[in-house]
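Novice: Need coordinates for the below:
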Amino acid sequence: MSRKSWFAGRRPVRAAVALFAAASLTLAGCAQTDNNTAQETTAVAEAKTVTIEDNEGTKEVPVNPTSVVALDNRSFEILDEWGVKPVAAARALVPETIPGIADDEDIVDIGNHREPNLEAIVAADPQVIVSGQRFTKYNEEIEKLVPDAVLVDLEPRKDQPLDEEFLRQVNALGKIFDKEEEAKKMADDFSKALERAREAYNKDWKVMAVNVSGGEIGYVAPKVGRTWGPLFDLLGLTPALEVANASDDHKGDDISVEAIAEANPDWMLVLDRDAAIRKEDSAPAKQVLDDSEALKNVTAIKEGHIYIAPADTYTNESIITYTEILNALADQWEAGA
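Specialist: Predicted coordinates for the structure are as follows:
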């Protein structure tokens, strides 16, 4: 065999060896690249948390959690507006005005705060639990039942201004659910409404807040009373009446219509509790006030200076609801009604 023929015979072998070596290097490179990508993906996933200061302390919370349990009346509407669908929620407490949660049968119902089904939270296997308001008292028990989940409670603290607490809540939720722009808009809308109402209010007007339930009128105290109490401080409202040892009772404190008449408020702020809890057999708050003989000569009644909070307020005391309330009050006060 000639040398030329021998080399010709060897070329395919050499080519095959070279090709195999190149392929091996390529595969090794791909494997390394895949490994690096996997490591980077894992690192990104592990890093996708946000540090939140809630009422219990510092929490590391997953961003955009895939499974959420919603228990807080103040945040149901926020989550619904942002398109966050919880795997389970206290649906018995969700008002009809938030059908995305209230009427969705795919969302497991935890029940209400009186007889909650906490085991349903375990079955839901959540990453994040948004607690607060009526469910705060169960936080410790829930955290023991689902230790791998992060429970976040941003219920406004009683020793802090309500406006600051609302901003703290919505901004923290915005970070958790990757809705920081939407959270900023909610916060800005609330702050603007608050400023409008402050500027529109005349400090010469005496104001009384009441809660109507079951045909009875309850007194809502400045500072501590349900829904309206904090607004006395935030807006600088002049109380028409201050009662000793007043409470934050959800039905308001006992008061006679004669005492209201004697105080003679220029404006009355009204919470219709029954409208929120779907008690169809109860008279509407305005009817209860209008039908009271003892109140017929009260300035607020005679001049129509009555503002009734949105029907769902009792079960939806969110930053969104307060924004609506503040803008409505500003509208009436700016008109000099």
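Novice: list the contacts for the nearest residue to Asp290 once chain neighbours are set aside?
Specialist: Among residues not flanking Asp290 along the chain, Ile301 sits closest, at 7.4 Å (CB to CB, 6 or more residues apart in numbering). The way it works is simple: take the backbone N, C-alpha and C, and place the C-beta from them, glycine included. For Ile301, the contacting residues are Met268, Leu289, Asp290, Leu295, by CB atoms under 8 Å, 6 or more residues apart in numbering.
Novice: Can I get the buried ones among those residues as something I can paste into ChimeraX?
Specialist: The ChimeraX command for the buried members of the contacts of Ile301 (criterion: 16 or more other CB atoms under 10 Å) is given here:
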select :268,289,295
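Novice: what's the closest of the contacts of Ile301 to Val130?
Specialist: Here the nearest of the contacts of Ile301 to Val130, counting by CB to CB, is Met268; it sits at 33.9 Å.
Novice: where do the strands sit along the stretch 51-200 of the chain?
Specialist: Counting by DSSP state E, counting those that start in this stretch, the stretch 51-200 of the chain has these strands, from start to end: 57-62, 68-70, 88-89, 108-109, 128-131, 150-153.
Novice: Tell me which of these lies nearest to Asp178.
Specialist: Between Asp178 and these, the shortest separation by CB to CB is 10.5 Å, and it involves strand 57-62.
Novice: what's the offset of that closest one from the middle of its chain?
Specialist: The offset between the C-alpha centroid of strand 57-62 and the centroid of the whole chain comes to 17 Å, using CA atoms, centre = their mean, to the nearest Å.
Novice: Keeping just the C-alphas, turn it into CSV.
Specialist: Once non-C-alpha atoms are left out, strand 57-62 reads as follows in CSV (Å, rounded to 0.1, in the frame of the first residue of the first chain):
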residue,chain,number,x,y,z
GLY,A,57,-41.7,42.0,63.5
THR,A,58,-39.5,41.5,60.5
LYS,A,59,-40.6,38.9,57.9
GLU,A,60,-39.0,37.6,54.7
VAL,A,61,-41.9,37.2,52.4
PRO,A,62,-42.0,35.5,49.0
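Novice: who does that strand pair up with?
Specialist: The pairing partners recorded for strand 57-62 under DSSP bridges are strand 49-54 (antiparallel).
Novice: Would you mind listing the buried residues in the partner strand?
Specialist: Judged by neighbour count using 16+ other CB under 10 Å, the buried positions of strand 49-54 are Val50, Ile52, Asp54.
Novice: now swap in stretch 236-243 and tell me
Specialist: In stretch 236-243, residues buried by neighbour count (16+ other CB under 10 Å) are Leu237, Thr238, Pro239, Ala240, Leu241, Val243.
Novice: so can I have TSV of those showing pLDDT and secondary structure?
Specialist: Below are these laid out as TSV (pLDDT from 0 to 100; DSSP: H, G, I helix; E, B strand; the rest coil):
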residue	pLDDT	secondary structure
Leu237	97	coil
Thr238	97	strand
Pro239	95	strand
Ala240	95	coil
Leu241	90	coil
Val243	74	coil
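Novice: For those residues, give me a markdown table that also has distance to Ile110.
Specialist: As requested, the buried residues of stretch 236-243 are exported to a markdown table (distance: CB to CB, whole Å):
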| residue | distance to Ile110 |
| --- | --- |
| Leu237 | 37 |
| Thr238 | 42 |
| Pro239 | 38 |
| Ala240 | 40 |
| Leu241 | 39 |
| Val243 | 36 |
